[in-house]
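Peer 1: Pasting a predicted model and its sequence here:
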Amino acid sequence: MQTVPLIDISPLNSNDEQAYLSVAKKIDHACREMGFFYITGHGISSEQMKSMFDLAQRFFDQPENIKQKILIANSSNHRGWGTKGSEQLDPGQPQDWKETFDMALDIHPEHPIVKACPQLYGPNQYGELEGFAQQMNQHYGLLMAVSKRLLKAMAIALKQPDDFFNQYFDDHISVLRLLHYPPRPANAIVDAQTKAAGAHTDYGCITLLAQDDIGGLEVCNAQNEWIAAPPIKNTIVVNIGDLMQRWTNDQYRSTAHRVASPPSETHRYSMPFFVEPRFDSEVRCIESCLSDGEKPKYKMITSGDWIMSRFNATYAYRTKTS
Ligand SMILES: O=C(O)CCC(=O)C(=O)O
Ligand SMILES: [Fe+2]
């Protein structure tokens, strides 16, 4: 059975051109075959990761009334805390059993880009936890640096200029999200197949996911089999999102994935970083992804329009009000 490959990306930081291209090729292969891979050699220390998981736990441990003050449902730009049941990733399944915290670039309300797209830009809502904003922003910067290295390698593998993807990442809309999957209460009627997060694809270019050591992430491989993507120490899981699939005319796979319910009494934490280009980036098929006579499968769409259409499809609070 096909498994999720592991790639050491440290050569992406070196001057050894051969080693660089060899890693770019491995990434390209994984994007085509599986749409998912683990990375090591990303440069984010295990201490940094641990401090982020400690922070996530402290954040979600706060009383409900404190978290209510930064409710995502009251945010104009989709930032803040999401209660259990506010998101339903798989419309054929019960709502996801998780609480969330979303943050992105923190931009003053008077900035022109906020005026141009107030649904996706603006200030974050952090709440009251000491040091939280600073630590989240620092981690956001570290993840963005790794993401830019990956996007450059993908551009090169696709025979594009180095900055083909990265040129769309000034004023980007990438989101760092904290996730807490608490145990379902004993009286909640669920069968063993009910997932903590339903099957879905991610919306952006790529996602960098850190997971704790509980496990539960499952990936649908090219043979349509669900396979486990268990935690591996000091790795980050990378997967392709819908915008990258559109950009590459389906050559890179935006692969469905889901999260099994944690064992009883067990809390699971994870931390996806959704890498999403500036809201007005025009995503249309890259020429080098078309063979002779082949036609683009998708119409051009802007990053912002795509992301908003996906939020509206999966969040109860948005469908009620829009
Ligand atoms: O919690 C996880 O491991 C995966 C989360 C996920 O797929 C998502 O939030 O898009
Ligand atoms: Fe996902």
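Peer 2: Received it, and whenever you're ready, just let me know what you need. Ligands and ions are numbered 1, 2, ... in the order given.

Peer 1: Which residues of this protein lie near ligand 1?
Peer 2: 179, 197, 202, 209, 211, 217, 257, 259, 270, 272 (Cβ under 6 Å from any ligand atom). In this view, the C-beta of every residue, glycine as well, is placed from N, C-alpha and C.

Peer 1: go again using 5 Å as the cut-off
Peer 2: Within the chain, the positions adjacent to ligand 1 are 211, 217, 259, 270, 272 by Cβ under 5 Å from any ligand atom.

Peer 1: among the residues you listed, which are in strands?
Peer 2: 211, 217, 259, 270, 272 (DSSP state E).

Peer 1: If I look at the closest residue to the third one other than its chain neighbours, what pLDDT would I see?
Peer 2: Nearest residue to residue 259, sequence neighbours excluded (Cβ to Cβ, 6 or more residues apart in numbering): residue 197, at 3.9 Å. What the model reports as pLDDT for residue 197 is 90.

Peer 1: Which single residue in this protein comes nearest to ligand 1?
Peer 2: residue 270 (3.4 Å; Cβ to the nearest ligand atom).

Peer 1: circling back to that earlier point, quick check: of the residues of the chain next to ligand 1, which lies closest to residue 91?
Peer 2: Of all the residues of the chain next to ligand 1, the one sitting nearest residue 91 is residue 259; the distance, using Cβ to Cβ, is 16.4 Å.

Peer 1: in the sheet, who's paired with that closest one?
Peer 2: Assessed by DSSP bridges, residue 259 has beta-bridge partners residue 197, residue 217.

Peer 1: What residues does the residue nearest to residue 259 make contact with?
Peer 2: By Cβ atoms under 8 Å, 6 or more residues apart in numbering, the contact set of residue 197 is 89, 96, 98, 179, 181, 258, 259.

Peer 1: Just the ones in strands from those residues, please.
Peer 2: 179, 181, 258, 259.

Peer 1: Surely the first one is in contact with residue 97?
Peer 2: Going back to what we said before, that points to residue 179. No: counting by Cβ atoms under 8 Å, residue 179 does not reach residue 97; the two are 10.8 Å apart.

Peer 1: for the residue most central in space within the chain, helix, strand, or coil?
Peer 2: Centrality entry for the chain: nearest residue to the mean C-alpha point is residue 274, 3.0 Å, by Cα atoms, centre = their mean. Secondary structure, DSSP: H, G, I helix; E, B strand; the rest coil: residue 274 is strand.

Peer 1: just residue 7 next, same as before
Peer 2: Put simply, residue 7 is strand when judged by three-state DSSP.

Peer 1: and of the contacts of residue 197, the nearest to residue 280?
Peer 2: Residue 280 lies nearest to residue 89 out of those, by Cβ to Cβ, at 26.3 Å.
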